[in-house]
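Engineer: quick one, fold the following:
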Amino acid sequence: MSDNPLSANPVNGVEQHRQELVVWIAVHDLSRTGVPVLLTRLLGATPIEQRHSIHLIAIFGGPLFSELTSLCASVTVLEPTDRRSLSSAASIGLIAAGMGRAGNLVRHAAWRAKLLRRPQPDLLVVHGAGAWPVSEVVSGKLPVALHVHELEIALDRSIPAQYQAAAFERAQTVMAVSDPVAQLAIRRGAQPNKILMMPGCVDSNVADGPAAAGPAAGLDAALDEGPLSLQGAQWVLGAGAPGWRKGTDRLAAVAHELLRSGSSTKVGWVGGQPSGQDATALGRTDPVTWFAAQANPWALLSKAQVFILPSREDPMPLVALEAGVWRRAVVAMPTGGVPALLGGGRGMFCQTQNVGEFVDLIQQVLASPDLAEEMGERLHEYVRTHHDVAVIAPLWLQALVQTAGR
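Structural biologist: Down below sits the predicted model:
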């Protein structure tokens with residue numbers, strides 16, 4: 001018998017010639033954000049002999065293109081990231097003119113042309129609701145696994161509310177990264193028997209490898225000199241793409257409250273500085289140090305005494321799992337699966353969205369290094385047991401096989 005889980009099942013218990021399942025995985029983009037990063041980890045933990053039947057379809061490209069190309073049979077990018085394609089411009093024009101059906105047909109025809117050379121799929125995995133439009137260019141009979149990473153705001157941006165019930169009906173399996181995501185899917189039309197919990201994952205050994213020895217190349221100056229120095233100071237740090245959903249406008253309030261209390265602790269964020277409307281909330285005096293996005297963010301974040309999650313909406317942030325890998329004490333706002341992750345003394349989270357309560361918890365952890373160390377160790381053990389990629393990836397592959405077989 002074949003050891004490849006991406007293969008057909010024997011018929012009537014008799015060994016048959018097995019045809020490997022061809023799997024298309026659709027993702028919105030290839031940026032260094034949670035959804036594509038999680039996909040990279042899952043594919044990286046998939047045995048090499050099984051990857052040659054997996055083809056990735058990305059609506060937009062990004063910096064993970066090269067890495068993902070090495071992890072599957074092919075990567076097809078449907079739209080340029082720096083401009084509108086001719087088909088996209090035509091589609092938008094038709095939709096603006098009230099000819100939505102014609103506009104969609106133009107876009108779908110262009111996408112199908114790009115996918116003609118790919119082998120016909122036996123299964124479509126929609127990895128993140130933002131990739132749902134890809135489902136419109138495949139056969140309506142093709143089995144679909146929808147991996148939902150979104151809460152209300154992000155889900156409504158990805159799939160218009162009026163189409164969500166049909167989308168959940170279309171999918172044979174609805175994988176959810178946390179229980180709040182699963183409950184949202186059910187409220188929006190998913191049948192409970194289709195729900196399968198499929199949380200985020202990390203390599204829990206990464207902090208013990210070469211990356212743990214020190215910062216990535218080029219970051220030594222940032223760590224040791226000038227206004228970006230982390231040495232000799234107590235730091236509260238967070239990370240991610242800055243914006244309202246990640247709650248980065250709250251950082252200035254946290255920093256000001258710490259200053260008023262007489263604390264010398266510094267507040268920083270790795271991932272860039274907010275822009276546009278998100279930047280106005282910072283005020284004229286900004287006490288936050290904004291670090292640019294890094295290919296190896298934990299070279300900086302591992303220096304934090306407290307890692308913070310000020311998010312307003314975050315279904316299950318991978319960065320919280322990564323904090324556990326690095327044994328960091330985590331203080332968070334109550335969003336998505338974060339309270340379940342940090343329960344049992346594995347971290348601290350607010351009962352409300354009140355910034356004052358958030359600051360009080362941060363100060364409590366800063367005042368007790370022993371508490372911070374204990375929280376970090378407990379979170380590390382939990383993440384290693386429940387969220388290691390070696391645990392999650394086989395479950396993910398099994399779910400794909402089961403969905404294709406329904």
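Engineer: what's the domain layout of the chain?
Structural biologist: Here the domain assignment for the chain is 23-201+389-405, 206-386, based on automatic domain parsing.
Engineer: any chance of the ones you listed in JSON lines, plus mean pLDDT and mean neighbour count?
Structural biologist: Yep, even glycine has a C-beta here, placed from its N, CA and C like the rest. Shown next, in JSON lines, are the domains of the chain (pLDDT from 0 to 100; neighbours: other CB atoms under 10 Å):
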{"stretch": "domain 23-201+389-405", "mean pLDDT": "91", "mean neighbour count": "18"}
{"stretch": "domain 206-386", "mean pLDDT": "85", "mean neighbour count": "18"}
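Engineer: all strands for the stretch 1-150 of the chain, in order.
Structural biologist: Remark: strands assigned in the stretch 1-150 of the chain by DSSP state E, counting those that start in this stretch are 23-27, 54-60, 74-79, 123-127, 144-148.
Engineer: which one of the ones you listed lies nearest to Ala320?
Structural biologist: With respect to Ala320, and counting by CB to CB, the nearest of these is strand 144-148 at 17.9 Å.
Engineer: Trp298 touches Glu322, doesn't it?
Structural biologist: Yes - at 6.5 Å, Trp298 and Glu322 qualify as touching, with contact defined as CB atoms under 8 Å.
Engineer: Pro334 in helix, strand or coil?
Structural biologist: With DSSP: H, G, I helix; E, B strand; the rest coil as the basis, the three-state label of Pro334 is coil.
Engineer: re earlier: could you dump the strands of the stretch 1-150 of the chain to TSV with distance to Leu397?
Structural biologist: Converted to TSV, those look like this (distance: least, CB to CB, whole Å):
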stretch	distance to Leu397
strand 23-27	10
strand 54-60	10
strand 74-79	19
strand 123-127	11
strand 144-148	11
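Engineer: so which of those gets nearest Gln364?
Structural biologist: Gln364 lies closest, by CB to CB, to one member of these: strand 144-148, at 34.1 Å.
Engineer: relative to strand 23-27, how tilted is that closest one?
Structural biologist: Interaxial angle, strand 144-148 versus strand 23-27 (axes from the mean of the first three to the mean of the last three CA atoms, to 10 degrees): 30 degrees.
Engineer: list the strands paired with strand 144-148, with their directions.
Structural biologist: Here strand 144-148 is paired, per DSSP bridges, with strand 123-127 (parallel), strand 173-176 (parallel).
Engineer: as CSV, those strands with distance to Gly200 would be great.
Structural biologist: Converted to CSV, those look like this (distance: least, CB to CB, whole Å):
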stretch, distance to Gly200
strand 123-127, 12
strand 173-176, 11
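Engineer: relative to Ala190, which of those strands is closest?
Structural biologist: Comparing these by CB to CB, strand 173-176 comes nearest, at 4.8 Å.
Engineer: I'd like the next helix or strand past the closest one.
Structural biologist: Downstream of strand 173-176, the next assigned helix or strand under DSSP states H and E is helix 179-187.
Engineer: what packs against that following helix?
Structural biologist: In terms of contacts (3 or more CB pairs under 8 Å, 6 or more residues apart in numbering; DSSP states H and E), helix 179-187 is packed against strand 144-148, strand 173-176, strand 195-197.
Engineer: got those strands as a markdown table, with distance to Val365 columns?
Structural biologist: A markdown table is the format used below for these (distance: least, CB to CB, whole Å):
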| stretch | distance to Val365 |
| --- | --- |
| strand 144-148 | 32 |
| strand 173-176 | 30 |
| strand 195-197 | 29 |
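Engineer: go through those strands and name the closest to Trp290.
Structural biologist: Comparing the helices and strands packed on helix 179-187 by CB to CB, strand 144-148 comes nearest, at 30.9 Å.
Engineer: need the contact list for Gln162.
Structural biologist: Applying CB atoms under 8 Å, 6 or more residues apart in numbering to Gln162 gives no contacts.
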